[in-house]
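Asker: here is my input; please provide its structure:
(2 chains)
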Amino acid sequence: AQKVTQAQTEISVVEKEDVTLDCVYETRDTTYYLFWYKQPPSGELVFLIRRNSFDEQNEISGRYSWNFQKSTSSFNFTITASQVVDSAVYFCALSRGSGTYKYIFGTGTRLKVLA
Amino acid sequence: EAGVTQFPSHSVIEKGQTVTLRCDPISGHDNLYWYRRVMGKEIKFLLHFVKESKQDESGMPNNRFLAERTGGTYSTLKVQPAELEDSGVYFCASSHRTSGVTDTQYFGPGTRLTVL
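Answerer: Numbering: from 1, shown residues only, chains lettered A, B, ... in the order given. Next up is the predicted model:
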C-alpha cells in the first residue's frame, strides 16, 4: 500500500528563518512520482514540484529547495529566508508510475511565517 | 490560460438534500479528477475521468455520489441525499496527457460543502 506521512502538523517561524517541511513516503513500486503543492489562504492547490523515482538530484528554485532521498524514503522541502507570503498549508503527494494516476496525499503541514 | 474552476465555492445544505458541484478543467485537458478533504485529514481521491469515461472510481465512498462528464468537458459531482459526513472540501484537478505516464495535476480552488 502507498502512504505519505507529514508528521509536522503546524510550524511557526519568524520571517527570514529557514524552515524544512518533512515528507516520508511508503511504496513498493520502483517507478513513482512525488509532488509538493502549496495551499495559500485563497484555497487552491498550487503545484510546486514533481519528481520521479529515478531522479534523486536535489532541486533548487529560488528560495525553495527539495531533498529527495530514496534511502530514507523522504522528499523534504526547505524554504530559505522565509517570507510572510510563504504562509500556507503544504501538501506532499505520491503517485504510482503506471496503472492508476491518483495522488496519495499527506495530511499537510501548516506553515506560519511571522513578521 | 484559465485554470481549473469550480462552482460553487461554498455550499451549505441540510442533511437529506441534494447538492451538485461543478468543475471546469483547463481547456484541452482530457484527464479530470475529483478529490475530497475532510477537515484536518488528508486529501483523498474520489475518481478519475479520461474524457467522458470513468477510468478509476475506486475512491467514491458510496452510491449517494454520482459523477458525470458529458461530452468530456466539464464535470459534475452530485451528492444525493447528503449526509453529515459528506462535509468537506471537494477539489477538482485536471491534467493533459492520456498516455501511460503520471502527469502533473492542476487543482481548482475547491468547493467547501457543509451539511447541517
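Asker: C-alpha only now, for contacts and for neighbours.
Answerer: Noted.
Asker: so what's the residue count around residue B:50?
Answerer: 20 (other Cα atoms under 10 Å in any protein chain shown).
Asker: actually residue B:61, not the one I wrote
Answerer: Neighbours of residue B:61 (other Cα under 10 Å): 10.
Asker: how about it, nearest residue that isn't a chain neighbour?
Answerer: Using Cα to Cα, 6 or more residues apart in numbering or on different chains and skipping residues adjacent in sequence, the residue nearest residue B:61 is residue B:46, 7.6 Å away.
Asker: pull the CA coordinates from the one helix or strand residue B:12 maps to and hand them back as CSV.
Answerer: Residue B:12 belongs to strand B:10-13 when elements are defined using DSSP states H and E. Taking C-alpha atoms only, strand B:10-13 is exported to CSV below (Å, rounded to 0.1, in the frame of the first residue of the first chain):
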residue,chain,number,x,y,z
HIS,B,10,-19.3,27.3,-0.8
SER,B,11,-22.5,25.3,-0.3
VAL,B,12,-24.4,24.9,2.9
ILE,B,13,-27.3,22.3,2.8
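Asker: tell me the strands beside that strand, with direction?
Answerer: Here strand B:10-13 is paired, per DSSP bridges, with strand B:111-115 (parallel).
Asker: list the buried residues for the partner strand?
Answerer: Neighbour counts over strand B:111-115 (16 or more other Cα atoms under 10 Å in any protein chain shown) mark B:111, B:112, B:113, B:114, B:115 as buried.
Asker: now that strand: average pLDDT?
Answerer: The average pLDDT within strand B:111-115 is 97.
Asker: not counting its neighbours along the chain, what's nearest the closest residue to chain B within chain A?
Answerer: As assessed by Cα to the nearest Cα, chain B sits closest to residue A:44 within chain A, at 3.6 Å. Spatial nearest neighbour of residue A:44, excluding adjacent residues (Cα to Cα, 6+ apart): residue B:109 at 3.6 Å.
Asker: got the contact list for residue 68?
Answerer: No chain was given, so I picked chain A. A:56, A:57, A:58, A:74, A:75, A:76 (Cα atoms under 8 Å, 6 or more residues apart in numbering or on different chains).
Asker: ah, I was thinking of chain B
Answerer: Residue B:68 sits next to B:52, B:75, B:76, B:77 when contact means Cα under 8 Å, 6+ apart.
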